[in-house]
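In: Dropping the sequence and predicted coords here.
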Amino acid sequence: MNSWMEIEEFSGLMNLDISAIRSLIDEGKLTSKEEEGQCFVEVSRSAQALIPATKGIVLDETYEGSSVSLSSEFVEKTVGAILSLHEKVLDAKEETLDALKGENRFLKEALFSMQELCDEDRKVIETLSKQLGLLQDELEFTKRKYKMMWNKAVEGYTPPSK
């Protein structure tokens with residue numbers, strides 16, 4: 001989508017004379033159109049044509065007041081290195097997340113296994129408790145039975161005479 005601006009407004013924005021802008025239009029460096037007697041300049045392509053491509057970046061203020069010039073190749077390599085490191089960090093993050101997900105699955109399975117063992121142990125304890133109750137009842141019955149038998153035996157016992 002093209003965005004158009006009046007030549008006067010474009011002149012103020014780019015800090016150029018209208019005559020300089022008209023000569024750039026004549027040279028074909030700027031795209032323009034005429035509507036209702038006014039000249040409009042296409043902003044995005046024209047701005048790109050007017051901004052010079054630099055081969056390096058100059059930093060004016062540095063450590064001891066001297067200026068340092070950075071080549072565009074250095075900047076591109078630096079940005080490339082940063083992007084490469086960023087990709088490696090993202091890959092490491094993905095690997096870590098995958099490892100954590102695997103560990104969580106393992107822990108979840110272990111928890112379910114422990115829950116099953118606990119349920120089985122509860123059933124065994126319940127069964128053993130019932131058996132213990134039955135054996136205690138049987139023991140009490142046997143005690144009463146022998147006590148009654150011994151009481152009868154003691155009552156019916158007559159000591160031998162000499």
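Out: Thanks, I have it.
In: drop to CA atoms for contacts and neighbour counts, all remaining ones
Out: Will do.
In: Tally up the residues packed near residue 79, please.
Out: 12 (other Cα atoms under 10 Å).
In: and the helix or strand containing it, how far from the chain's centre?
Out: If you go by DSSP states H and E, residue 79 is part of helix 72-155. Centroid separation between helix 72-155 and its chain, computed with Cα atoms, centre = their mean, to the nearest Å, is 28 Å.
In: and the gap between the residue sitting nearest the centre point of the chain and residue 107?
Out: What sits nearest the mean C-alpha location of the chain, by Cα atoms, centre = their mean, is residue 97, with 7.4 Å. According to Cα to Cα, to the nearest Å, residue 97 and residue 107 sit 15 Å apart.
In: ditto for residue 71
Out: 53 Å.
In: cool, and residue 140?
Out: From residue 140 to residue 107 the distance is 48 Å (Cα to Cα).
In: How about residue 116?
Out: Taking Cα to Cα, one finds residue 116 at 14 Å from residue 107.
In: before we move on, back to that, which pLDDT value belongs to the residue nearest to the centre of the chain?
Out: Residue 97 is assigned 97 on the pLDDT scale.
In: can you list the weak-confidence ranges in the chain?
Out: 1-2, 44-70, 162 (pLDDT under 70).
In: ok, now with 90
Out: Applying pLDDT under 90 to the chain flags the ranges 1-84, 86, 149-162.
In: Residue 16: which element?
Out: Residue-wise, residue 16 maps onto no helix or strand under DSSP H and E.
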